[in-house]
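Trainee: The sequence and its predicted three-dimensional model are supplied below.
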Amino acid sequence: MGLTAVATRSAAAVVTCAACGARNRVPAMADGTPRCGRCHRPLAWIAEADDTIFTEVVEGAPLPVVADFWAPWCAPCLRISPALERIAADLAGRMKLVKINVDDAAGLSGKLDVRHVPTLMVFHCGEAVARLPAGAPADQIRAWVTEKVTETERRGSPRS
């Protein structure tokens with residue numbers, strides 16, 4: 001996949017630290033945020049979710065979650081995926097990117113009223129707080145994600 005592997009329910013992703021090059025396991029779900037075992041810098045946190053684990057992966061996240069609702073047959077989805085992975089790497093320690101294949105998560109897509117792919121949503125404490133439908137250009141996606149993550153960080157976490 002682009003910059004990093006994607007963590008799934010059954011396995012942790014192996015992510016290479018951008019700062020020191022060390023390889024690290026990053027689980028889809030964790031109480032803390034992933035950090036490099038060698039240099040302790042934040043790592044990009046990218047996971048997959050479907051109907052069965054979405055709640056665990058999103059509500060349990062200690063960071064703002066950017067959910068990418070996509071489909072493998074959707075050309076705009078495939079075009080923005082590398083940009084989203086770069087954003088997740090650049091905002092490591094500040095956000096978690098969760099990729100949801102709508103073909104595998106029809107119930108969730110219906111529940112959240114996802115009518116078009118790609119659709120991006122930002123979650124804070126398990127609650128959807130922002131939505132960006134359809135495929136915007138990469139620079140607009142970066143600006144939107146950065147703005148929404150910053151707004152969400154200002155809200156604080158119930159754990160702090």
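Mentor: Done, it's in. Note that the structure is a prediction, hence the values are computed from the model and not measured.
Trainee: What score does residue 125 have for pLDDT?
Mentor: Predicted confidence (pLDDT) for residue 125: 89.
Trainee: wait, it sits on residue 62?
Mentor: No. Look at residue 125 against residue 62 with Cβ atoms under 8 Å: they stay out of range, at 9.8 Å. In this view, the C-beta of every residue, glycine as well, is placed from N, C-alpha and C.
Trainee: residue ranges with poor pLDDT in this protein?
Mentor: Low-confidence segments of the chain, defined by pLDDT under 70, are located at 1-11, 157-160.
Trainee: let's go with 50 and repeat that
Mentor: Counting by pLDDT under 50, the chain contains low-confidence ranges at 1-4, 10, 159-160.
Trainee: where do the helices sit along it?
Mentor: Counting by DSSP state H, the segments of the chain that form helices are 54-59, 75-90, 106-111, 138-155.
Trainee: right, and the ones you listed - which one's nearest residue 34?
Mentor: helix 75-90 (11.0 Å; Cβ to Cβ).
Trainee: Next, the angle from that closest one to helix 138-155.
Mentor: Helix 75-90 and helix 138-155 meet at an angle of 50 degrees, taking axes from the mean of the first three to the mean of the last three Cα atoms, to 10 degrees as the criterion.
Trainee: Alpha carbons of helix 75-90, as CSV, please.
Mentor: Extracted in CSV, the C-alpha atoms of helix 75-90 (Å, rounded to 0.1, in the frame of the first residue of the first chain):
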residue,chain,number,x,y,z
ALA,A,75,-11.0,5.5,-9.3
PRO,A,76,-11.2,8.7,-7.2
CYS,A,77,-10.9,6.5,-4.0
LEU,A,78,-7.7,4.9,-5.3
ARG,A,79,-6.3,8.3,-6.3
ILE,A,80,-6.7,9.9,-2.9
SER,A,81,-5.5,6.9,-0.9
PRO,A,82,-1.8,7.7,-1.2
ALA,A,83,-2.5,11.3,-0.2
LEU,A,84,-4.4,10.2,2.9
GLU,A,85,-1.5,7.9,3.9
ARG,A,86,0.9,10.8,3.5
ILE,A,87,-1.4,13.0,5.6
ALA,A,88,-1.5,10.3,8.3
ALA,A,89,2.3,10.1,8.3
ASP,A,90,2.6,13.9,8.4
